[in-house]
Each structure stands twice: as structure tokens, then as C-alpha cells.
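Fold the following, please.
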Amino acid sequence: MASSPLDLSISIVSYNTREILLACVRSVYETAGGLACEVIVVDNGSRDGSAEAVRARFPAAVVIANQDNRGYARASNQALAVCRGRHVLLLNSDTLVKADALERMVRYLNAHPDAGAVGCAQLDAQGRPMRSCFRFPTLGEHVRHAPVLGRFLAGREEAPAGAGAERDVEWANGACLMVRRSVLEKLGGLDERFFMYFEDVDLCLRIHQSGLRLVYLPGAEIVHLVGQSGLGDRQGLSHAWDLSRILYVEKHFSPVRRALMKTWIAAGLLARLMRSPVSSGEPGQRVLHVRQTLGTLRRALRR
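Numbering: from 1, shown residues only. So this is what the prediction gives:
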């Protein structure tokens, strides 16, 4: 990563989201204000002409077109390898940046050298606040949010992060996460073992472990349309989430907590398998679902 006077590099990973990707890039250019910035789009083998469309509509953007889907973390690291900004914004393609958000985030990092990264407020398509920052995963949190127990413990849920004051948080949703480039260099970028999901949790934990703060800025806002890359494959997304959750547990939990957590995950996968024969959907889809779940179960039980 070469040095440069650019304020900000915006990394956007895309996968078959052409129209919302174009809207996302447009929102970045329209709201950048006085920032000196660059946009880097890494397309993970989209079949909808996303890369070509960005090149045609936004010739100033850097486009890296992969021939296959390399996953979010690996694609993000491709952008990090060529970016030139003092700060890097990891931005989902299914987002729209609102006015002054980028400048607010850059100003905060410029003024607070003890902050390694900042997150922002996220709104849904109707403008309603969504949770965008959270506590780190623990065994207790997973048990508390289990479907069977959730209704008994609902009163203990954290307040949504879409409102309130600026504050330090444990981790912020990677749909819009601005990180100092120097911090990303020190940490070696995102962990590419995470194909999709939990790479942002892992990054935020490593930022904390390096002695830096992570801050939520409610005055900076984006619209997050959530999950547009996987609209046609919810089952595949669930499979990827399970695998990444297992990897995160193996990487960061102590041996005892790791064993307990993986046992809990395995129990949930077994319950899912028991429901599979009577689940709706085409027979071929049910067979694929069973095979994927069995593979993930074996992964959870691996020592």
C-alpha cells in the first residue's frame, strides 16, 4: 500500500448486485464532499455485468474483476493491496451513503489517534434504525438468543444502536466500517479464512487487542438494504454463517468455552437436520440442505 495524500479509500465488494452497486457508488461520489477519495470495486465473478457497468458509469473508479467468488475477506484484501487513502472504508454494495457521513467519520479518526476504527448508524429502506454495533459473541449470548429461550429472555435485549450518543463499542457491522490504513497494514488485513460473515467481528476484536478504540458515530448514517447478494440462496448464506461462526470460536475462544460452544452449535445443527425431512422446498434443495448441514456438523465436531 503506497503512501498518498488521499483522505479515504472506499472498498466495495460486489456479487450480482449491479443496480444497487451502481446506486451505492453514486451515493459515495455524491456525498464525499471535500474529501480526496478513491473508490475501489472488487467484483467476485458476478454474472450480471456489474464490473462492466461500474467501468462505464464511473470511469474514475478502480475495478478489480475476479473470475470467481473469492469471498468477502479475500476480495477486500485485494482492494487494500492497491488503496492509497489514509483511511479505508469497508462498504457493502447494498448500502447508500447519506450526506456528511464520510466526512464525519474521517474527521473523527483525524482528531482521535487512539481510535482505530469507526462505525455509523444504519437505517433500513424505510428509514428505521437498525442495530449496527454489538457485544462480542459469547456462549451466553448464543444461548440467550436461541429460539427456544429467546421469548423468556427478550427483556434483556440491548437497545438498538441506531440512536443515542457517540460511544465506544466492541464491534461494529462491517457493512460500513472505516479503519485506519496503518491499522489494517499492522493487522495484515482481513482474515481470509472467513469466506463470508464474522470477518468484521474478528477484525474489530483484533483492533481492540492492538490497544485501540472502536467508536460508534450516530451522526454518520447509511441506508443498508441487507443481504442483497444472497437473495437467491438463503440456505447457502446460512451454511456460510455457520462455518464462519465455528472458525471464529476456534480462533478466539478458550479451550473450555470452545468445546462448549461447538457442542452447542452441533446440537443446533442436529435439530436442523431433524426438521429437514419435513421442510418445504424442492426435493433437490432438501437433499442439498441435508448434505451441507451434515458437512457443517462434522466441522463443528472436529477437534
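
what about residue 77, which helix or strand?
Assigned by DSSP states H and E, residue 77 belongs to helix 72-82.

scratch that, residue 122
strand 115-123.

who does that strand pair up with?
When pairs are called by DSSP bridges, strand 115-123 turns out to pair with strand 129-130 (antiparallel), strand 176-180 (antiparallel), strand 213-224 (parallel).

Tell me which stretches of the chain form strands.
Assigned by DSSP state E, the chain shows strands spanning 8-14, 37-44, 62-66, 87-92, 95-97, 115-123, 129-130, 133-134, 167-168, 171-172, 176-180, 213-224.

now the ones you listed in JSON lines, with mean pLDDT, mean neighbour count and distance to residue 194?
Where you see a C-beta, it was placed from the backbone N, CA and C, and this is true even at glycine. As requested, the strands of the chain are exported to JSON lines (pLDDT from 0 to 100; neighbours: other CB atoms under 10 Å; distance: least, CB to CB, whole Å):
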{"stretch": "strand 8-14", "mean pLDDT": "98", "mean neighbour count": "27", "distance to residue 194": "13"}
{"stretch": "strand 37-44", "mean pLDDT": "98", "mean neighbour count": "24", "distance to residue 194": "14"}
{"stretch": "strand 62-66", "mean pLDDT": "98", "mean neighbour count": "18", "distance to residue 194": "17"}
{"stretch": "strand 87-92", "mean pLDDT": "98", "mean neighbour count": "26", "distance to residue 194": "13"}
{"stretch": "strand 95-97", "mean pLDDT": "98", "mean neighbour count": "23", "distance to residue 194": "20"}
{"stretch": "strand 115-123", "mean pLDDT": "97", "mean neighbour count": "25", "distance to residue 194": "17"}
{"stretch": "strand 129-130", "mean pLDDT": "94", "mean neighbour count": "16", "distance to residue 194": "22"}
{"stretch": "strand 133-134", "mean pLDDT": "93", "mean neighbour count": "20", "distance to residue 194": "17"}
{"stretch": "strand 167-168", "mean pLDDT": "96", "mean neighbour count": "11", "distance to residue 194": "24"}
{"stretch": "strand 171-172", "mean pLDDT": "96", "mean neighbour count": "25", "distance to residue 194": "13"}
{"stretch": "strand 176-180", "mean pLDDT": "98", "mean neighbour count": "26", "distance to residue 194": "14"}
{"stretch": "strand 213-224", "mean pLDDT": "97", "mean neighbour count": "20", "distance to residue 194": "18"}
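
Select, out of these, the one closest to residue 21.
Counting by CB to CB, residue 21 lies closest to strand 8-14 out of these; the figure is 4.7 Å.

Export that closest one to CSV, keeping only CA atoms.
Provided in CSV are the C-alpha atoms of strand 8-14 (Å, rounded to 0.1, in the frame of the first residue of the first chain):
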residue,chain,number,x,y,z
LEU,A,8,-10.0,8.0,2.1
SER,A,9,-10.2,4.8,0.0
ILE,A,10,-13.6,3.1,-0.3
SER,A,11,-13.6,-0.6,-0.8
ILE,A,12,-16.8,-2.1,-2.2
VAL,A,13,-17.1,-5.9,-2.8
SER,A,14,-19.9,-6.9,-5.1
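
Point to the residue nearest the middle of this protein.
By CA atoms, centre = their mean, the chain has its centre lying nearest to residue 174, at 3.5 Å.

Check whether it really touches residue 89, as I assumed.
No - counting by CB atoms under 8 Å, residue 174 does not reach residue 89; the two are 10.5 Å apart.
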